[in-house]
Every structure is written in structure tokens, then in C-alpha cells.
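[1] for reference, the sequence and a predicted model appear below.
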Amino acid sequence: MARMNADITNSSFLGFSYPCSSAAIFAFVLFSGGQAARALDGPVTIPCMFRKVLIANRGEIAVRVMRTLREMGISTVAVYSDADRTSLHVRMADEAERLGPSPSAESYLRIDRILDAARKHGAEAIHPGYGFLSENGDFAAACEASGIVFIGPSAESIRAMGSKTSARRVAIAAGTPVVPGTDRPVTLEDARQFGRAHGYPVLLKAVAGGGGKGMRRVDREGDLEPALRDAASEAERSFRNSEVYIEKLIERPRHIEIQLIGDRRGNMVHLGERECSIQRRHQKVVEECPSPLVDAHPEMRLEMGEAAIRAARAAGYYNAGTVEFLVDRDRRFYFLEMNTRLQVEHPVTELVTGLDLVRLQVEIAAGARLPFQQEEVAWRGAAIECRIYAEDPYNDFLPYPGKLTRLTRPMGPGVRLDGCVYDGWTVPMEYDPLLAKLAVWASTRGQTIDRMIRALREYDVGGIRTNIGFFRQILEDAEFAAGRLHTGFIEEFLARRTARAAPAEFQAVAALAAALYASASAERSEAPAAGVSPWLAAGRDGLLR
Amino acid sequence: MKLHLTIDGAENHIELLARAPDCRFRFGEGAESAAHVETPEPGVYSILMDGRSYDARVEESPGGLIVAIDGYRFEIEVHDPRRRARQPARHGDGGREVVAPMPGKVIRVLIAPGDAVTAGQGLVVVEAMKMQNELKAQRDGRVQSVGAREGATVAAGELLAILE
């Protein structure tokens, strides 16, 4: 793989020509043409671009990565499990290789089979997407040992940032603020001192803990003694270890993260923030750039960006990565963790910066220099993304796999849809139920919200349940419009929302549709042979069971 | 043709006087209405009424039909007097029937016929998309029959067990 790392001056390898300027010029990155690129680079060096890349993932992210690879003229190799034989990423790829049965452990998590597939198909690099093996240091190391480029950071960086405790140590050493805490057992006197130093509320947590056992919230010093006693005895009962440590409790925090991109020569910039405070079951569902909070306090972007770069540099980081922060009500931010991969929500950053993060990832992995500097990154307008899941918002957001019987996609101005869905596809029950990411862009946040509501109204998925209608309620919410976001937003929203009354005539229209449907069904079942579409028959059978 | 309806739990009725596309109908105690109805896609009704355009999407569910119009959602059961209602009662049966809340795979069956169960006790574990959902008894009772088999794939609303 020596040739992968070699810089070839001016442009071609085995007939494949890779113009250097394409790496450097993006819509909103303020370049003054080739001169600026040269000023950054010194003599122009052009990396040797890959001819074929394997995508070690499935679903929407595999499709999204393939789209950029295709734009770059790079051949694509898909891998798949038995459940995904007819999935869009397999159909879209130039080449495809079966990994194994449907369970992830026998397919998408099999490092050996993925590397075999890469060798068999002659892929020079592997893009891991997100999830599965994307943050597995052993996988990155195994790729390199096989002479295959891992499109991401080094195995060492992944390991350093992989565990929360190790990442926290790296962040502290780099001077990036973390949530204040002791990380070691405390006595009552230690806890009192901590409370005086950092203020209340605080959280007592079992050292050996998990699942909320041995955890106590304390709001004032007077409550500390009984709470510590309770927490310690509960910890003793649950874990045979009564040790308790103390942490500052961040109330109603916002989740704001910084996108980073760096090359292998030490150049690194931040691409601004994303606010991901709208979460259910600790999973982000709505993300936006810019954050309404940061937009109102622009100095935060600079401070958080620099803090994120410090932490990443301390781990020797390169390629794309994201540093996540919690932000409290006084706008203080605390390092949470680093994701050493492309994020699900990267499209909102792409929409406001005009950059293609996957393209940058691929170029950097091929040895290219970062084609712009910090001051050349500009943010324009506002973007919001909704994660469309196969789940039932009327039944506790439980997953709802099944066959799609109808699909109308939103289109029109400012709409971007990253998905893996087609009419007639059966959403497998083995994997994450993300169907698509609907992202929209407009010049102001208010217009972006209006545009998202419009796009959600156009979006129709039949046969399975989705959260499309639920997003519309959130986007129409006054608190959301005002940008008053925090990670408990959805819980509070569910408690306070009132069912919108439908306009009076809607009920008559719905009744008419139901009556027509039922009478048509009745006619079909009386003359079963004639023109019953299979899905209607299947649906009816389900009803009769 | 007159049909009895249950719309979001409330009884109502509709009388179809002329068929699509030039539909005439009387809903509840209202006056006779006219609507132009086309079906551009299966389950989708484009309805023009009083100069307004509606797209109504109809889907079958274990409890009846779900009709969605511009984000508003109606649960409608249609009872044709000429035919016996076929939907087994899934609601208001006091928790006798244990049904799958989502499509998925039965991971564990924790009960056998004849077992005594208490309210809140886990009965069956169904898994879909990496989420496990333990179905619990809604009341005390004895297990009459168990339809769920470990490893079996089930549809939403499918009967898994019956309590006495």
C-alpha cells in the first residue's frame, strides 16, 4: 500500500485522473481560486486516489457514502447479511459480497469476513460508516495490518477516545472542561467540600454502579448526609460495594457538539456546532445547525471549537470526528465524549458549510492535505434534520418493522433526503429502525422550521408506522420555535401537549374514506380472485387471524 | 348502504348514496354531501369536497382502520350490518388477551398453560430492532392457553396468550 501514501505530483495513476482543485473548492468555503490552495499547500501535491472502496455498513449511511464515492469516480463494494439481500445499498453498489446470516454478530461485526471481502474485490480502502465496527480500534488496526486504508482516525485515537473514562482523562489533560466530579469514593466531608466548591444540585453515584442503582440527587447540603447513607447502602445491596462518588448535576442540559476534520499532517479545523437536544430514550431525533443558543452567543462557537480541537489533538486525532458537550443554563460547556467517526446528523453541517464530509474523509484517508483553513470555513443559513424511524409514536415509540406499501417522498426547494427506503421494501427487524434522515435548509431558522413542516406534510410512508407525524407536532411547538431546547424536551412536550382538534369537516372526510375502503374490501372478499393486490390480502388476513 | 362506525371510540354512522367518483353520502345527522373521489394509489383517497382537496390515507390495523388526513389521525371501525364484525375485541377485555404490541420475534415465553400469574408478572418477551419488550400481565389470573412459541415471528396485534 506504499502507493496509497505516496504523493504523486500532477494527477494520474493508472489512467485515473484526479484533479487537485476539486478537493479544494467548495461552495461556501471562501477560496480565491487556485492561488489560495497553493498558498496553503506550498507546491501542489496530489494524493493517489482510491479506485475502489468497500463500505462496511448497511442502510442509509452505506447509501450516503456510496453517493459521494460515485461522484468521485470511485467504485463501490457493498457487504450484506441475509436480511439485507434486497436492501438499497446492495442494489446501488457496483459490487456486493455476502457476509453471513442476519444477526450483526455473524455479519456486519465480522472483521475477518469484511477484510476477506475487501481482498476478494480488490478494495483499497474501507469506509466504516457509523455504528457496527466504526469505533472499533481492533478493526481499524486489522485494516491497516492487511494493507487496506481505514477511512477514519488511527486505531490509537479510537482507543484513546473510545471509553468514557479514558476520553475524560484525555480531555482533562488537554484543558477541556468536563462535568466536575470526583471519580473516586468520597466521605461525607469530601462531599460537603465538593458541594461548596461546585454548587448544588449534585449527584451521588455508586462507583460500581449502573442502571440508576445507588444514585441520589441532592439539592442542598443539609440533605447530603442521609442521601449519602441511602446511596451507600443501596450500592452495598446492589453491587456488594458501598463506595459512592459525587458529580455535579447539570439540569436541563443542552446537547451541543462540535464537528472536527483534520488531516494526517496535523491540520485540524472545526466546522461549527450541531444542537442535538431533542432526544428520546437518550437518542437524538432532531438536530440542527446552527444551535439557536450558539447563534445568539457566537463567541461560544469559537470557545467550544477550540476546546474540541484541543481534546482531539491530545489524542493525535485525524479524519472526521465529533466532540459532544453538555451545556448548562449559564452557557458553561462540559466535555461529554468524542465520537471517532462520521455522525448520523452530519448532513446539517454539510448544508450550512457547503462541504461534503464524506469526500473530505476519503481524500484525507488517501493522504490529502485539508484543503482549507479555519478562517475559510463559513456558515450560511440554518439546517434541521429529523430522523425518520419505523416506530409507533402512539405506542411508546416501539419499533415497527414491516413491508412498505406506499411511499411518497418530500421534494422541492431546500430538501435533502438520505434514506435507504423504497416502495415494497421490507424493513428488517434485525437492525436499527432508521429509515431516512430528512434534512432541510433555508436562510433563517424560522424559514427552516416552516420548510420542515411543509416537507413532513409531503412525506407519506404506508404499511408501517413512522414518527413523521410526531415530528410535525414538535416542529409546530412554540417552545421549539423559541429555541428553548434541553435533553428532556420530548418528555416535557409529551406531558404538556394537547391533542389538536381536527377541523370539523375532516371527520366526515375520514368517515367517507373508511366507508369506501371497507365496502371495496367487502366486495373484494366476496369475489376474491379478481384483482386483490397481495398486500391488501395480507393485511386482511392479518386482521382475521 | 348504511354503515355503523366507531370513530376514536364514539359511535357514528354514514350512508353511502352514490358511488365514487361522484360520491354522495350522509354522515351522522348531517345533510347530504357530495364529493368527487379518486383512488390514485391503493389505500389513498383523493377527495374534493366543497372546493377543498383532501388526501385521505387508509390503513388496516389490528383495531380497525386508521385514516390519516394531513397529519390528523382517526381510528375507525366499520361495522357493516350485513356482515358480522370480524375483529376480535382487543380493547376493554380486562387484559384477558395478551397481544404483540409490535411486529417482532418471540424471544422468551415465561409462562405455560395452567400457571397462576399476578398483575405485573412478565409473560412473553418480544424483540424487534434490538429492543426487547416484556409483556406483563395486566391482572391476576391463570394462563388458559399460550400461542407464542420461542423463535416465532409475530405481527402487531397477534394473540400470544389468553388468561382466564
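    Yep, that arrived. These numbers come from a predicted model, not from an experiment.
[2] sheet-wise, list the partners of the lengthiest strand in chain A with their directions.
    Ranked by residue count and defined by DSSP state E, the top strand of chain A is strand A:268-280. Sheet pairing for strand A:268-280, assigned by DSSP bridges, gives strand A:254-262 (antiparallel), strand A:283-289 (antiparallel).
[3] mind putting the ones you listed in JSON lines, mean neighbour count included?
    The C-beta positions use only the backbone N, C-alpha and C, and glycine is treated the same way. Shown next, in JSON lines, are those (neighbours: other CB atoms under 10 Å in any protein chain shown):
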{"stretch": "strand A:254-262", "mean neighbour count": "25"}
{"stretch": "strand A:283-289", "mean neighbour count": "24"}
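[4] as CSV, the ones you listed with mean pLDDT and distance to B:P62 would be great.
    Converted to CSV, the strands paired with strand A:268-280 look like this (pLDDT from 0 to 100; distance: least, CB to CB, whole Å):
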stretch, mean pLDDT, distance to B:P62
strand A:254-262, 98, 36
strand A:283-289, 96, 26
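[5] closest to A:F493 out of those strands?
    strand A:283-289 (11.1 Å; CB to CB).
[6] next structured bit after the closest one?
    Using DSSP states H and E, the helix or strand that follows strand A:283-289 in sequence is helix A:292-296.
[7] quick check: mean pLDDT across the very next helix or strand once past that next one?
    Going down the chain from helix A:292-296, the next helix or strand is helix A:299-314, by DSSP H and E. Mean pLDDT, computed over helix A:299-314, is 97.
[8] the residue most central in space within chain A and chain B, how far apart?
    Centroid-nearest residue in chain A, with CA atoms, centre = their mean: A:V344, separated by 2.2 Å. With distances taken as CB to the nearest CB, to the nearest Å, A:V344 is found 15 Å from chain B.
[9] ditto for A:V352
    28 Å.
[10] could you chop the chain up by domain?
    Answering for chain A, as no chain was given. Described in terms of automatic domain parsing, the domain architecture of chain A consists of the residue ranges A:2-161, A:188-248, A:254-496, A:506-544.
[11] wrong one, I was asking about chain B
    According to automatic domain parsing, the ranges for chain B are B:2-79, B:97-163.
[12] mean pLDDT lowest for which of those domains?
    domain B:97-163 - the lowest mean pLDDT of the domains of chain B, at a mean of 85.
[13] give me the distance between the two termini of it.
    The first residue of domain B:97-163 is 6 Å away from its last residue (CA to CA, to the nearest Å).
[14] of all the strands paired with strand A:268-280, which one is nearest A:N467?
    Closest among the strands paired with strand A:268-280, once you apply CB to CB, is strand A:283-289, at 7.3 Å.
[15] residues near A:T182, how many?
    16 (other CB atoms under 10 Å in any protein chain shown).
[16] just B:G120 next, same as before
    10.
[17] so which residue is smack in the middle of chain B?
    B:G63 (1.6 Å).
[18] my read is that that residue contacts B:V78, right?
    No. B:G63 lies out of contact with B:V78 (CB atoms under 8 Å); the separation is 11.8 Å.
[19] doesn't A:V90 fall inside a helix?
    Yes. Per DSSP: H, G, I helix; E, B strand; the rest coil, A:V90 lies within a helix segment.
[20] how about it, what does it touch?
    A:78, A:80, A:84, A:96 (CB atoms under 8 Å, 6 or more residues apart in numbering or on different chains).
[21] immediately after the helix or strand hosting A:D138, which helix or strand?
    Here A:D138 sits within helix A:137-145, counting by DSSP H and E. Remark: after helix A:137-145, the chain's next helix or strand is strand A:149-150, criterion DSSP H and E.
[22] packing partners of the very next helix or strand once past that next one?
    Per DSSP H and E, the first helix or strand lying C-terminal to strand A:149-150 is helix A:155-162. Packing contacts for helix A:155-162, counted by 3 or more CB pairs under 8 Å, 6 or more residues apart in numbering or on different chains; DSSP states H and E, involve helix A:137-145, helix A:164-173.
[23] now the shortest one against helix A:155-162, angle please.
    An angle of 170 degrees separates the directions of helix A:137-145 and helix A:155-162 when computed by axes from the mean of the first three to the mean of the last three CA atoms, to 10 degrees.
[24] ok now helix A:137-145, how far from the chain's centre?
    Relative to its parent chain, helix A:137-145 has a centroid offset of 23 Å by CA atoms, centre = their mean, to the nearest Å.
[25] got a list of contacts for it?
    Applying CB under 8 Å, 6+ apart, the external contacts of helix A:137-145 come out as A:56, A:111, A:114-115, A:118, A:126, A:128, A:133, A:149-150, A:152-156, A:158-159, A:162.
[26] any of the residues you listed buried? List them.
    A:56, A:111, A:114-115, A:118, A:126, A:128, A:133, A:149-150, A:152-155, A:158-159, A:162 (16 or more other CB atoms under 10 Å in any protein chain shown).
[27] who's in contact with the residue in the stretch 301-450 of chain A that chain B sits nearest to?
    Closest contact between the stretch 301-450 of chain A and chain B, by CB to the nearest CB, is at A:P399 (3.8 Å). Neighbour list for A:P399: A:389-391, A:429, A:433, B:102, B:104, B:128-129, B:131 [criterion: CB under 8 Å, 6+ apart].
[28] okay, it and B:V109: tell me how far apart.
    20 Å (CB to CB, to the nearest Å).
[29] before we move on, what about A:A501?
    Taking CB to CB as the measure, A:A501 and B:V109 are separated by 43 Å.
[30] those two: which has the busier surroundings?
    B:V109 (18 against 8).
[31] and for B:L159, the neighbour number?
    18.
[32] show me what it is bridged to.
    Going by DSSP bridges, B:L159 forms beta bridges with B:V99.
[33] who is the nearest residue to B:A35 once chain neighbours are set aside paired with across the strands?
    Excluding its sequence neighbours, the residue lying closest to B:A35 (CB to CB, 6 or more residues apart in numbering or on different chains) is B:M49, at 4.1 Å. On the basis of DSSP bridges, B:M49 is bridged to B:R52.
[34] wait, doesn't B:M49 sit right on B:F25?
    No. Assessed by CB under 8 Å, B:M49 is found out of contact with B:F25, at 9.9 Å.
[35] list residues touching both of these two?
    B:33, B:35.
[36] pick out whichever of those two has more residues nearby.
    Between B:M49 and B:F25, counted using other CB under 10 Å, the more crowded position is B:F25 (24 against 18).
[37] A helix includes the more buried one, no?
    No. Looking at B:F25 with three-state DSSP, it is strand, so not inside a helix.
[38] that one and B:E15: what is the separation?
    Distance of B:F25 to B:E15, computed by CB to CB: 6 Å.
[39] quick one: closest of the helices and strands packed on helix A:155-162 to B:T39.
    In terms of CB to CB, the element of the helices and strands packed on helix A:155-162 nearest to B:T39 is helix A:137-145, at 50.3 Å.
[40] mind listing what's buried along that closest one?
    A:137, A:139-143.
[41] in JSON lines: those, plus pLDDT.
    Below are the buried residues of helix A:137-145 laid out as JSON lines (pLDDT from 0 to 100):
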{"residue": "A:G137", "pLDDT": "96"}
{"residue": "A:F139", "pLDDT": "98"}
{"residue": "A:A140", "pLDDT": "98"}
{"residue": "A:A141", "pLDDT": "98"}
{"residue": "A:A142", "pLDDT": "98"}
{"residue": "A:C143", "pLDDT": "98"}
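[42] out of those, which is nearest to chain B?
    A:F139 (19.9 Å).
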